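> okay, here's the prediction I keep looking at, along with the sequence it came from:
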Amino acid sequence: MKNLLKKLKQKQEVNSLLLGEKLWKEITHPLPEAIGVIETDTPRVNRFAAEVKKLDKKSQKAIKKWLERQLYELDYFAPDCMTGREEEALMRQSQIYRHHLEAIS
């Protein structure tokens, strides 16, 4: 019984992350491209937050969970040895996700 509940919870987690990714793509597709600079990305992030507020609670939770997961993966699965450009790209992507997450939290 415990295995069944554990598998069900894992499946729900995966489905939530997939929904979050789908929503991220749908919402951000028509928006201007994010560049990872707070001042420049703020109008985009504000529009993103307004679109997320229109979603139902389940969808809002899914996109928030997906953003949190992306930040986790960027922080913990980044290679130890990176070039300066790779590190800069990683930091920019992290800033983009963080800024969007803060706007909806």
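Noted; the coordinates are in hand.

> what number of residues lie near residue 104?
17 (other CB atoms under 10 Å). The C-beta positions use only the backbone N, C-alpha and C, and glycine is treated the same way.

> ok, now how distant is it from residue 90?
22 Å (CB to CB, to the nearest Å).

> likewise for residue 27?
Distance, residue 27 to residue 90, using CB to CB: 23 Å.

> who has more neighbours out of those two?
Shown here are residue 27 and residue 90; by other CB under 10 Å, residue 27 has more neighbours (20 against 15).

> what sits against the more buried one?
Residues in contact with residue 27 (CB atoms under 8 Å, 6 or more residues apart in numbering) are 48, 51, 52, 63.

> quick check: phi and psi at residue 32.
For residue 32, the backbone dihedrals are phi -60, psi 150 (criterion: degrees, to the nearest 10).

> the nearest residue to it once chain neighbours are set aside: neighbouring residues, count only.
Nearest in space to residue 32, with sequence neighbours left out and distances taken as CB to CB, 6 or more residues apart in numbering, is residue 44 at 5.3 Å. As a burial measure, residue 44 scores 19 neighbours (other CB under 10 Å).
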